[in-house]
Every structure is written in C-alpha cells, then in structure tokens.
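**Q** Got a predicted structure here, sequence first:
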Amino acid sequence: MTAPVLLVIAHGSRDPRHAATVHALTARVRSLRPGLRVETGFLDFNAPSVPRVLERLVAQGQQDVIALPLLLTRAFHAKSDIPTVLHEARTRLPRLRVRQAGVLGPSPLLNSALERRLHEAGIRPGDRSSTGLVLASAGSTDPEAIAVIAEIARELRHTGWCSVRPAFASATFPAGFPRTEDAVRALRDEGVRRVAVAPYVIAPGRLPDRIAAGAAGADVLADVLGPAPELARLLLARYDEARRPAARPAALTA
C-alpha cells in the first residue's frame, strides 16, 4: 500500500530566503525517509500554491495526502486558513483524501533545535547560569498560541538560564509580552551579565528581521530554526501521528 503524500504547508513570504529555507527543510525530510513523497505548498506569495499541488497530485493518481502545517503554534492559520483551503480542494477534487496533521509545537524536538542554534551562536552549557534568554517568537493574538510560548519560556527557565523572557516581533503585543528590544533591556536592568536572543521561528523573513533588529543590544543572536535535523524529525513524527487510526476522524469531507 502506497504511503500518503506528505504535503508541507508553509505560509510563504516575499523574502526569497523563506522559500529557500522551507525547501531545504523538506529536502532533509526526504533524506531521512527515502521513498516518502514530500511536496511543498504555500498559502501566499510563493509558488506552488496548496491548491495547485493538490490538483497535480490527483492528476498523477495520488489520492491520499497528509497536509502538515509548517507552524509552531496552533493559531489562525492552523485553525482557519489551512482547513478552509483543504476543504475547498476536497470539494473540487472528490477523489482526494486529505488529513491535516497537527502543528509542530510544542515539542521537545523544537527545544532541542533551539538549543542547537544557541550553541552554534556561541552559547555553552556553562554560560547559562550567567545568561538571560529572550525567546523571540513571531507573535499572535490567539490565546492558545500565547499560552504555548509562555509555557515554553517557563520550561526553559528550568534548564539553567538565569532568566528567560518571551517576546513578540509582531505589531500587536498581548499584555505581558514585550518586543525583543524591550525584553533585552529588561534583562539588562535586572543586572544580567549576558543576554542571548533565540528566534522561535522557522524561516527568515520580515518578522525574523524585526527580531534581529531588536536584538541589537544583546550579546548573542541565534539563527532561525531553519532546516535543523530536529525539525525534520518532528515533521516526520507529526506525519506518522496523522497516519494512525485515531487521527482518521480529522479527515476532511465534503
């Protein structure tokens, strides 16, 4: 029996680095599981679009697809945009079976990828006790997504950092979530000797650039998660979860 196609759904960006990073990540996924067909579709800005990918798959005789949102939290895109796009495609393509996998976060693998990027930026385990960490996410107004970021920051506090502060890069800041530069400044005001900023985002673009600009007063700026091996393993884990019988009620029907 042929395994379902894995369709990775990314948001898309006018910044060419975004699509390049997404394709590098899906290439790593393919290398981890040879034989699995992995496709990439974008919601906006980049080609191919999700509907075009699904149409092409059906034309090629592929009828079983697992759509995996390339998202770290379950917010508007995961709850509204992607289900709508998939439902419309299922209506147009009655032979198509689509299951939407869960978003990537939260996951210990994401925390490991974050630690990898911090290590690559120069942070060593012995540095944590004197280093304050800014967990800089893209941001959301969704309460569920906000709660996830806050919980990750709390978890990171128990791994040796002297202080951890979440921050948002988006223009709308929920109560208690500062901008990256505000979080860096607050850690300095606390007397923290060294400040590191960890972007909790997958690919480069406008909001990650805003995080980088806000990290100007920090000592260390880690890279985006990008095609980290932990991230590729997580995509396959979410794919496998969606294939299990318990996940079948999530299949989209006309």
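**A** Nice, I can see it.

**Q** Show the subsequent helix or strand relative to the worst-scoring helix or strand of the chain on mean pLDDT.
**A** The helix or strand of the chain with the poorest confidence is helix 76; it has a mean of 78 (mean pLDDT, DSSP states H and E). As assigned by DSSP states H and E, the chain's next helix or strand after helix 76 is helix 82-92.

**Q** hang on, the earlier thing: quick one: contacts of the least confident helix or strand of the chain?
**A** With contacts defined as C-beta atoms under 8 Å, 6 or more residues apart in numbering, helix 76 is touched by Ser140, Asp142. Every C-beta, even on glycine, is put in place using the N, C-alpha and C of the backbone.

**Q** how distant is it from the center of its chain?
**A** 14 Å (C-alpha atoms, centre = their mean, to the nearest Å).

**Q** With stretch 139-156 instead?
**A** On C-alpha atoms, centre = their mean, the centre of stretch 139-156 falls 13 Å from that of its chain.

**Q** mind listing what's buried in it?
**A** Neighbour counts over stretch 139-156 (16 or more other C-beta atoms under 10 Å) mark Gly139, Ser140, Asp142, Ala145, Ile146, Val148, Ile149, Ile152, Ala153, Leu156 as buried.

**Q** what's the answer for stretch 198-213, then?
**A** 198-205, 207-208, 210-212.

**Q** Spit out the contact partners of Gly217.
**A** Glu181, Val184, Arg185, Arg188, Val195.

**Q** Surely Arg165 is in contact with Leu187?
**A** Yes - contact status for Arg165 versus Leu187: in contact at 6.3 Å, counting by C-beta atoms under 8 Å.

**Q** Now for the two: what residues contact both?
**A** What both Arg165 and Leu187 touch, as defined by C-beta under 8 Å, 6+ apart, is the set Gly132, Val134.

**Q** what is the rounded mean pLDDT of the helix or strand where Val8 lies?
**A** Secondary structure assignment for Val8, by DSSP H and E: strand 5-10. Averaged over strand 5-10, pLDDT sits at 98.
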